[in-house]
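K.L.:
generate a structure from the sequence data that follows.
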Amino acid sequence: MNLRSGTGMADTGRRGLKFGLWWMAIRPRTLSLSAIPVVAGSALAWHEGAGIAWLPLIVALLCALLIQAGTNLFNDVGDALRGNDGPTRLGPARVTASGLATPGQVRRAALATFLAALLGGIYLVVVGGWPILAIGLASLAAGWAYSGGPRPLSYTAWGEVFVMLFFGLVAVAGSHYLQSGGFTASALWLGLALGCHAAAVLLVNNVRDLEADRRAGRRTLASVLGTGPARSLYAILMLAPFPLLAQQLGMIGVGAAWLALPVCLWLALRFRHQPPGAQMNHHLARTAQAQLLLGALLSIALLW
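P.N.:
Prediction:
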């Protein structure tokens, strides 16, 4: 009895360790970047007169989270194999580079998440038709291309554009279309606003890793611009959503957005003078939280 009980406790501990490993690998602190645009796009559709179809909303939310998780896993293994996550890394530990999982294990996990998103996407295509098919396939392809292939997007100055496009415009407009059956200018502007904050998260990551990226020959936007201009661009990305929302969503957008403005302004000023190093990890997480705050406030206002 004692032996069996001890074995059971050990198995439970191993399962808990394995869950913790994969939870760390998918980078949960930034998963809201894919979730909040889906919610906000659906809220905008409701505000414009469409009803909320709850099952498509839930499936779209899960698919968005799975695609981001898979993209992060591909990035984990891709950076490790290219030697970009060495012992001097300033960011959080990565499971492949740390030896906590083999490249094959991480790659299979990434493929499994993409497969799950694809299966969920089949249902969404039945609901939304060919535009949802195009959006889903483009999102999967972009998620792989971000870290895969001979020239990954994450190794170029186009990373922030990719994030703004797929974590903003595509996510908001796609979820809005799924609920309303149409595209509107308001959905595009809302997507651009939330995409600005998503791009700001990546920019913090790339400013933190600027010196290491330059040594590795990685030409991110921060590497191309330099530290000072990259910090100025961060401030623009954090503050740009407010005039965008004021222009397109009227008083509803403005009223909700102003509540998040002090946080965004504080983050912009703090990043301007923050020394490079591992402490930027906290700023990265706070930037993701700012996007969550802005998106949540706007969604509540649109549903009110």
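
K.L.:
from here on, contacts and neighbour counts on C-alpha atoms
P.N.:
Will do.

K.L.:
can you pull out the low-pLDDT segments for the stretch 201-304 of the chain?
P.N.:
Flagging of the stretch 201-304 of the chain using pLDDT under 70 yields the residue ranges 248-254.

K.L.:
okay, helices next: where are they in it?
P.N.:
Ranges of helices in the stretch 201-304 of the chain, per DSSP state H, counting those that start in this stretch, are 210-215, 221-225, 227-239, 241-248, 250-257, 261-273, 280-303.

K.L.:
make a markdown table out of those and add mean neighbour count and distance to F183.
P.N.:
Below are the helices of the stretch 201-304 of the chain laid out as a markdown table (neighbours: other Cα atoms under 10 Å; distance: least, Cα to Cα, whole Å):
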| stretch | mean neighbour count | distance to F183 |
| --- | --- | --- |
| helix 210-215 | 17 | 38 |
| helix 221-225 | 20 | 31 |
| helix 227-239 | 19 | 24 |
| helix 241-248 | 18 | 14 |
| helix 250-257 | 18 | 18 |
| helix 261-273 | 16 | 28 |
| helix 280-303 | 20 | 17 |
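
K.L.:
which one of these lies closest to L119?
P.N.:
Of all the helices of the stretch 201-304 of the chain, helix 280-303 sits nearest to L119, with 26.9 Å by Cα to Cα.

K.L.:
the closest one - contacts with which helices or strands?
P.N.:
Packed against helix 280-303, as judged by 3 or more Cα pairs under 8 Å, 6 or more residues apart in numbering; DSSP states H and E, are the following elements: helix 32-47, helix 185-208, helix 250-257, helix 261-273.

K.L.:
that older thread, to I67, which of the helices of the stretch 201-304 of the chain lies closest?
P.N.:
helix 280-303 (17.2 Å).

K.L.:
which residues touch that closest one?
P.N.:
Here helix 280-303 makes contact (Cα atoms under 8 Å, 6 or more residues apart in numbering) with 29-30, 32-33, 36-37, 39-40, 43-44, 46-47, 91-92, 194, 197-198, 200-202, 204-205, 208, 252-253, 256-257, 259-260, 263-264, 267, 271, 274.

K.L.:
got the angle between it and helix 227-239?
P.N.:
Comparing the axes of helix 280-303 and helix 227-239 via axes from the mean of the first three to the mean of the last three Cα atoms, to 10 degrees yields an angle of 20 degrees.

K.L.:
what's the angle between helix 280-303 and helix 185-208?
P.N.:
170 degrees.

K.L.:
CA atoms only: put helix 280-303 into PDB for me.
P.N.:
What follows is helix 280-303 as a C-alpha-only set of coordinates in PDB (Å, rounded to 0.1, in the frame of the first residue of the first chain):
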ATOM      1  CA  MET A 280      12.100  44.800 -19.000                       C
ATOM      2  CA  ASN A 281      10.400  41.400 -18.600                       C
ATOM      3  CA  HIS A 282       8.100  43.100 -16.100                       C
ATOM      4  CA  HIS A 283       7.500  46.000 -18.500                       C
ATOM      5  CA  LEU A 284       6.600  43.500 -21.300                       C
ATOM      6  CA  ALA A 285       4.000  41.900 -19.100                       C
ATOM      7  CA  ARG A 286       2.500  45.300 -18.000                       C
ATOM      8  CA  THR A 287       2.200  46.300 -21.700                       C
ATOM      9  CA  ALA A 288       0.200  43.100 -22.400                       C
ATOM     10  CA  GLN A 289      -1.900  44.000 -19.400                       C
ATOM     11  CA  ALA A 290      -2.500  47.500 -20.700                       C
ATOM     12  CA  GLN A 291      -3.900  46.000 -24.000                       C
ATOM     13  CA  LEU A 292      -6.100  43.700 -21.900                       C
ATOM     14  CA  LEU A 293      -7.300  46.700 -19.900                       C
ATOM     15  CA  LEU A 294      -8.100  48.800 -23.000                       C
ATOM     16  CA  GLY A 295      -9.800  45.900 -24.800                       C
ATOM     17  CA  ALA A 296     -11.900  45.000 -21.700                       C
ATOM     18  CA  LEU A 297     -13.000  48.600 -21.100                       C
ATOM     19  CA  LEU A 298     -14.000  49.000 -24.800                       C
ATOM     20  CA  SER A 299     -15.800  45.700 -24.800                       C
ATOM     21  CA  ILE A 300     -17.800  46.600 -21.700                       C
ATOM     22  CA  ALA A 301     -18.700  50.000 -23.200                       C
ATOM     23  CA  LEU A 302     -19.800  48.400 -26.500                       C
ATOM     24  CA  LEU A 303     -22.000  45.900 -24.800                       C
END
